[in-house]
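Chemist: Structure for the following, please:
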Amino acid sequence: MKRGRRIALIVAIVLVITGVGSYFLFFRDASADSGVSYTTVTIETGDIEKSVVGTGTLAAAASSQLTLGYEVSIDEILVQAGGTVSEGDLLCTVDTAALPDVISSLETQLTALDRHLASAVSGESTTGKVTAPAAGRVKEIFAAAGDRTEAVEAEYGALLTLSLDGKMKAEIETDALAVGESVTVAREDGTTVTGTVEAASGGKASVTFSDAAIAVGERVSITREGETLGSAQAQINRPISITAADGTVSKIYTALNKKVSSGSSLFYLTDMSVEGDTAALMQQREETYAALLAAKKTLAAGGIAAEVSGAVAQWNAESGSTVPAGESLLTLYEDGAMQMSVAIDELDIGSVAVGQTAQIVMDAAEDVTYTGTVESVSAVGTASGGVTTYAVLLSVEADENVKIGMNGTATIVVEQAQDVVLVPLQALQTSKGQQYVWLKDETTDETAGNPGTQVAVTTGLSNDDYAEVLSGLSAGDEIVIVRTATAGSNDMMGFGGMMGGEQMPMGGGEMPSGGNGGRPGGDRSGGN
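Modeler: Below is the predicted model of the structure:
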């Protein structure tokens, strides 16, 4: 029994000693010599900004499609995809043999358009003939007597199609043929004609043959020494579409597979209401005139030149191929401004707006900072891994050191303030929802553990280091930043870390109340 009481007594003594020790340690942490440091800072004015960050890839801000108003056959591509060109540089050489006929046809079309345009300007309702702009063979007739030309062209794109060079063509997939080789072109009824391989590359071959009998769209087989190499629908090798002003087709002067000469009558039109067609005729004339100039320029140069400086993005043709009028030859990224689409987190996208400035650093050139501007903000996000991001398009002021496809990081300035009072974030404390700082004044006594007078402040914009002061402090005020060593280390921390995020004043003072701390000279709290 005595032994049990003795054990209980020892336990009680240990508990008392432990409690005293805890009090002693806390008291030392709160004293001036326990690792607490005081730093006096003078409040100054300056600029502050808030930003969000996103990553993206550089792209050309402008691209253009090179589309010709006339058919052309490519001889050799001179600048491959990815290559750069200056305005006027040759992109490819072409087969110039057919260009004189193309130019003649365009000139005839231009003359006819000028005649129709003159009638349209006069506002007359007239009759007239549609003539062949060049010699050729009629391969397609879409209009019939009584048709309105406008309706026919809307459905088929033309009234009639001519073959200019006397050839049809069939393109098959094979790598067994060589340019210039003779083959047999077989129709489904068993009749045959002789064909010639005009182009062969990339696993494809183009075979031409007489346009005298085989119809457009008729399926033919290409054979060599009895072996069928492929089949395809026959197409016109060098077609030209015939159109006219709005009117009623009264007579048709030609027939399928009939050869016509330049200027031959094709249709006779009545009720030509040309007054409403003036704008359309003018646009058609401009396009025809532009195509005529381009064809003449191509003939003189022996190839097609770049209209702007830039980089070739993609070819839609290859050496030896034929590109019909109106089809895109290639895509060119134009020199000049670049753009970058960056992904911004859903938590930050609300602060991003058109017109904001961005600082961009490329992964391949981290020592240079480029300037960008927000051009657009996507309203639709992309979700991945539980996170939604939004695309923000930036225009970028780049130079010759950056290239399309480079990756970079953009820092977008979403808010900024200039020449405002700034306070270090380390100086801000919080009590009962009110921020405050320790103002250095006559009450400050570091040896007694008294940092000064507690002054409430209201803050605005903040970043990682500073906060804008809206009220409570002025430039020139001196404040005290209080730090204490964290437990078990030599690091210093804000004293508020010991009391659940609220600072405890030194030297036995009261807990912060969020007021002016009794400072003489009036209230400086500024509200909340």
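Chemist: Ramachandran angles for Ala290?
Modeler: Geometry field for Ala290 lists phi and psi as phi -60, psi -40, criterion degrees, to the nearest 10.
Chemist: Report how many residues lie close to it.
Modeler: Residues near Ala290, counting by other C-beta atoms under 10 Å, number 13. Quick note: C-beta positions are derived from backbone N, CA and C, even for glycine.
Chemist: what's the answer for Val183, then?
Modeler: Val183 is flanked by 22 other residues according to other C-beta under 10 Å.
Chemist: what's across from it in the sheet?
Modeler: Beta-bridge partners recorded for Val183 (DSSP bridges): Gly195.
Chemist: Hmm, it is touching Gly195, no?
Modeler: Yes. Using C-beta atoms under 8 Å, Val183 makes contact with Gly195 at a distance of 4.9 Å.
Chemist: where along the stretch 51-200 of the chain do the helices fall?
Modeler: 99-122, 149-156 (DSSP state H, counting those that start in this stretch).
Chemist: Let me have those in JSON lines, adding mean pLDDT, mean neighbour count and distance to Thr459 as columns.
Modeler: Below are the helices of the stretch 51-200 of the chain laid out as JSON lines (pLDDT from 0 to 100; neighbours: other C-beta atoms under 10 Å; distance: least, C-beta to C-beta, whole Å):
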{"stretch": "helix 99-122", "mean pLDDT": "82", "mean neighbour count": "18", "distance to Thr459": "71"}
{"stretch": "helix 149-156", "mean pLDDT": "94", "mean neighbour count": "16", "distance to Thr459": "67"}
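Chemist: Ok, which of those helices comes nearest Thr389?
Modeler: With C-beta to C-beta as the criterion, Thr389 lies closest to helix 149-156 of these, at 45.1 Å.
Chemist: elements contacting the closest one?
Modeler: strand 248-252 (3 or more C-beta pairs under 8 Å, 6 or more residues apart in numbering; DSSP states H and E).
Chemist: mind running it again at 10 Å?
Modeler: strand 136-141, strand 239-242, strand 248-252, strand 265-273 (3 or more C-beta pairs under 10 Å, 6 or more residues apart in numbering; DSSP states H and E).
Chemist: angle of it against strand 136-141?
Modeler: 80 degrees (axes from the mean of the first three to the mean of the last three C-alpha atoms, to 10 degrees).
Chemist: quick one, what contacts the residue nearest to Thr174 when sequence neighbours are not counted?
Modeler: Once flanking residues are discounted, Thr174 sits nearest to Leu229: 4.8 Å by C-beta to C-beta, 6 or more residues apart in numbering. When contacts are counted by C-beta atoms under 10 Å, 6 or more residues apart in numbering, Leu229 is found next to 172-177, 183-184, 205, 207, 221-223.
Chemist: Leu229 falls within a strand, correct?
Modeler: Yes. Under DSSP: H, G, I helix; E, B strand; the rest coil, Leu229 falls within a strand.
Chemist: Model confidence score at it, please.
Modeler: pLDDT, Leu229: 95.
Chemist: Ser474 now?
Modeler: 92.
Chemist: Please tell me how far Thr409 sits from Val342.
Modeler: To Val342, Thr409 is 8 Å away according to C-beta to C-beta, to the nearest Å.
Chemist: And for Val387?
Modeler: For Val387, the distance to Val342 - C-beta to C-beta - is 15 Å.
Chemist: repeat for Leu229
Modeler: With C-beta to C-beta as the criterion, Leu229 and Val342 are 52 Å apart.
Chemist: swap in Glu334?
Modeler: In terms of C-beta to C-beta, Glu334 sits 22 Å off from Val342.
Chemist: try Thr371
Modeler: Thr371 is 14 Å from Val342, by C-beta to C-beta.
Chemist: who's more crowded, those two?
Modeler: Val342 (26 against 13).
Chemist: That one: what secondary structure?
Modeler: Three-state assignment for Val342 (three-state DSSP): strand.
Chemist: what's near enough to touch it?
Modeler: 52-57, 352, 358, 360, 372, 374, 389-394, 408-412.
Chemist: switch the cut-off to 6 Å
Modeler: 54, 56, 392, 410 (C-beta atoms under 6 Å, 6 or more residues apart in numbering).
Chemist: do Ala186 as well
Modeler: By C-beta under 6 Å, 6+ apart, the neighbours of Ala186 are 192, 221, 223.
Chemist: how about low-confidence regions in the stretch 251-400 of the chain?
Modeler: For the stretch 251-400 of the chain, applying pLDDT under 70 flags the ranges 273-277.
Chemist: all strands for it, in order.
Modeler: 259-260, 265-273, 303-305, 310-315, 322-323, 328-334, 338-345, 357-362, 365-384, 387-396 (DSSP state E, counting those that start in this stretch).
Chemist: and Val469, which of those strands is closest to it?
Modeler: strand 357-362 (24.5 Å).
Chemist: what's the spacing between that closest one and its chain's center?
Modeler: Chain-centre distance of strand 357-362: 16 Å, with C-alpha atoms, centre = their mean, to the nearest Å.
Chemist: So what touches it?
Modeler: Contacts of strand 357-362 (C-beta under 6 Å, 6+ apart): 369-370, 372, 394, 402, 406, 408-413.
Chemist: do stretch 322-335 as well
Modeler: 60, 62-67, 69-73, 308-317.
Chemist: Equivalent analysis for stretch 246-255, please.
Modeler: 138, 143, 145, 147-150, 260, 265-273, 277.
Chemist: how about CSV for the contacts of Leu229, with pLDDT and distance to Gly303 added?
Modeler: Below are the contacts of Leu229 laid out as CSV (pLDDT from 0 to 100; distance: C-beta to C-beta, whole Å):
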residue, pLDDT, distance to Gly303
Ile172, 95, 28
Glu173, 94, 28
Thr174, 94, 28
Asp175, 92, 27
Ala176, 93, 30
Leu177, 95, 26
Val183, 96, 29
Thr184, 96, 34
Ala205, 94, 24
Val207, 96, 25
Ser221, 96, 35
Ile222, 96, 30
Thr223, 96, 35
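Chemist: Walk me through the domains of this protein.
Modeler: Per automatic domain parsing, the structural domains of the chain span 51-60+335-417, 69-96+302-331, 100-164+238-284, 167-237.
Chemist: With distance to Ala295 added, can I get those in TSV?
Modeler: Formatted as TSV, those follow (distance: least, C-beta to C-beta, whole Å):
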stretch	distance to Ala295
domain 51-60+335-417	26
domain 69-96+302-331	5
domain 100-164+238-284	5
domain 167-237	17
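Chemist: Look up the closest residue to Ile240, ignoring the ones flanking it.
Modeler: Ile240 sits nearest to Leu162 (C-beta to C-beta, 6+ apart), 4.9 Å away.
Chemist: The helices and strands packed on helix 149-156 into JSON lines, with extra columns for mean neighbour count and distance to Asp95?
Modeler: Listed next are the helices and strands packed on helix 149-156 as JSON lines, based on neighbours: other C-beta atoms under 10 Å; distance: least, C-beta to C-beta, whole Å:
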{"stretch": "strand 136-141", "mean neighbour count": "22", "distance to Asp95": "18"}
{"stretch": "strand 239-242", "mean neighbour count": "22", "distance to Asp95": "16"}
{"stretch": "strand 248-252", "mean neighbour count": "17", "distance to Asp95": "34"}
{"stretch": "strand 265-273", "mean neighbour count": "18", "distance to Asp95": "28"}
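Chemist: wait, which of these is closest to Ala427?
Modeler: Closest among these, using C-beta to C-beta: strand 239-242, at 79.4 Å.
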